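the sequence and its predicted three-dimensional model are supplied below.
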Amino acid sequence: IKEGVRLGEPTLHFKGKMRFEEQKPLTSALPVLKKQKVADKQMIYKVLPHGPLFQVLQEINRLDSEIVALGAFKEQSQFSFAYQGFTTVPLAIESAFQAVGLFDIVKDNRMGLPFAIKTLTFYNKSLNASPLIIRGFKKGETEFGSVFDFELITKQGDIVLKATDYTTVKVDFGGNFDEVETFRLNRVKQLFALPKEAKIEVVSIPQIKARLTQDATFLETILHPEELDKYRSFTVEKRKDEWLAGKIAAKQVLLQLFPNLELNTVQIVKSALGEPQISLPEFKTQINLSITHSNGYAIAVVSLIEKIGIDLEIIENRSSALIEEVLGPQEQALLQRQQKKELLNELITKIWTAKEAASKVLGVGLNIDLHDLAIVDIKKDEMKIQVAPEKVPQVTNVPKKALSKDKSVIELTAVVAQNEESVAAVCKYLIS
């Protein structure tokens, strides 16, 4: 019915039972919001095909074991007749549908449309506060799609509505999945807890390989002539791809510092110990660079102020040989106290990642026994690392303030973070 005129026969789209009762106010612990978002509104609606009226997501803030999004709802009529007294803004539920739909797109390259909801509970709170926080949890899968719980929360933590067993059905709706890789790159960026002055760039190896097939001049615009010769000399495909991705990430992060830089005039070289360094003769200030590769990504970080080492590793089962190679007796004792296998794998990966990042701060790469990099303290996501100066090659320039008071050890600190797939570490000297 539109403007009092019946336009056709009614169609049954869904049915359900409604129960009216007073709901006690319900609050929820507010999710932690990241400064680095996964996607802004413009990025979201390059993927989703919704028109302006249905663009109710402001940003995807986090996407790990849950999705956390911010919605913004304008006062506008979605109907041809006057309305009042809705329990919520009509498109509030739509924002949750879109958010959990993006969860499946980013994680599994598939989209699900609404199919069923077991319960949908409204609480006596208005949605005047904007933006509103949308949080969704994936519970499992069916033959046809996914199952989620979700809730909409005010910025004060009051729950406005809550859905259980929201079920989707997989569809091919014509969304632009090419843009989804940007979401994934931002998810990786979120893992690195960097100082304000540091800059980071993440690149996708599959995206780079696709670019190479589309643009024959791409390499010439990025690589220094000597780097081009090195690239062409590789015979192992995986090593070739990672090497190139690392160079591209390093040069693109330099653009954040020097926007007018011609990338093919810059050369990324290695020190005697394998540390990546930037050859940029006209720039006299030291540029500290760290690079890591993992799971199809290359990440580069630069800082003009202090040395930073980064590492990224996948969480997976580790062989006993690797554990013995990486962990000393004190660290292996930590593992013996951990009973749950999945948490054990996470802890091993955290320790390994922190040590790898520490070796990059020292500038020694593989030229150090990881047993000599001792984890002496773990507090939440921060690890304190010590190494005796005599265990570090003499060419390494260690700040005097990074030495302990008795000068017996070099002290470093690593901040580790994880999602359900990977662990990242950011390490620097612990300056006393």
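Sure, I can see it.

what's the neighbour count on residue 33?
12 (other C-beta atoms under 10 Å). Any C-beta I mention is one placed from the backbone N, CA and C, and that applies to glycine too.

tell me the contacts of it?
Contact partners of residue 33, counting by C-beta atoms under 8 Å, 6 or more residues apart in numbering, are 61, 62, 68.

just those residues now: which is nearest residue 413?
Distance to residue 413 across the contacts of residue 33 (C-beta to C-beta) is lowest for residue 62, with 24.7 Å.

rewinding a little: sort out for me which of the contacts of residue 33 are in strands.
Applying DSSP state E to the contacts of residue 33, the entries found in strands are 61, 62, 68.

for these, could you give me CSV that also reports pLDDT, distance to residue 117 and neighbour count?
Output for those, formatted as CSV (pLDDT from 0 to 100; distance: C-beta to C-beta, whole Å; neighbours: other C-beta atoms under 10 Å):
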residue, pLDDT, distance to residue 117, neighbour count
61, 97, 24, 23
62, 95, 23, 21
68, 97, 20, 23
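
closest one of these to residue 15?
Using C-beta to C-beta, these come closest to residue 15 at residue 68, 31.6 Å.

okay, strands next: where are they in the stretch 301-432 of the chain?
Remark: strands assigned in the stretch 301-432 of the chain by DSSP state E, counting those that start in this stretch are 309-314, 374-379, 382-387, 410-418, 422-429.

do I have it right that residue 295 meets residue 316?
No: Residue 295 lies out of contact with residue 316 (C-beta atoms under 8 Å); the separation is 10.2 Å.

now the contacts of residue 33 in JSON lines, with distance to residue 381?
Below are these laid out as JSON lines (distance: C-beta to C-beta, whole Å):
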{"residue": "61", "distance to residue 381": "19"}
{"residue": "62", "distance to residue 381": "16"}
{"residue": "68", "distance to residue 381": "19"}
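
which of these sits closest to residue 418?
Checking these one by one against residue 418 (C-beta to C-beta), the nearest turns out to be residue 62, at 12.8 Å.

send me stretch 201-209 as PDB with only the CA atoms.
The C-alpha trace of stretch 201-209 is given here as PDB (Å, rounded to 0.1, in the frame of the first residue of the first chain):
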ATOM      1  CA  GLU A 201      52.800   0.100   5.300                       C
ATOM      2  CA  VAL A 202      51.300  -3.300   4.600                       C
ATOM      3  CA  VAL A 203      51.200  -4.800   1.100                       C
ATOM      4  CA  SER A 204      49.600  -8.000  -0.300                       C
ATOM      5  CA  ILE A 205      51.700 -10.400  -2.300                       C
ATOM      6  CA  PRO A 206      48.700 -11.600  -4.400                       C
ATOM      7  CA  GLN A 207      47.800  -8.000  -5.200                       C
ATOM      8  CA  ILE A 208      51.400  -7.200  -6.300                       C
ATOM      9  CA  LYS A 209      51.500 -10.300  -8.500                       C
END
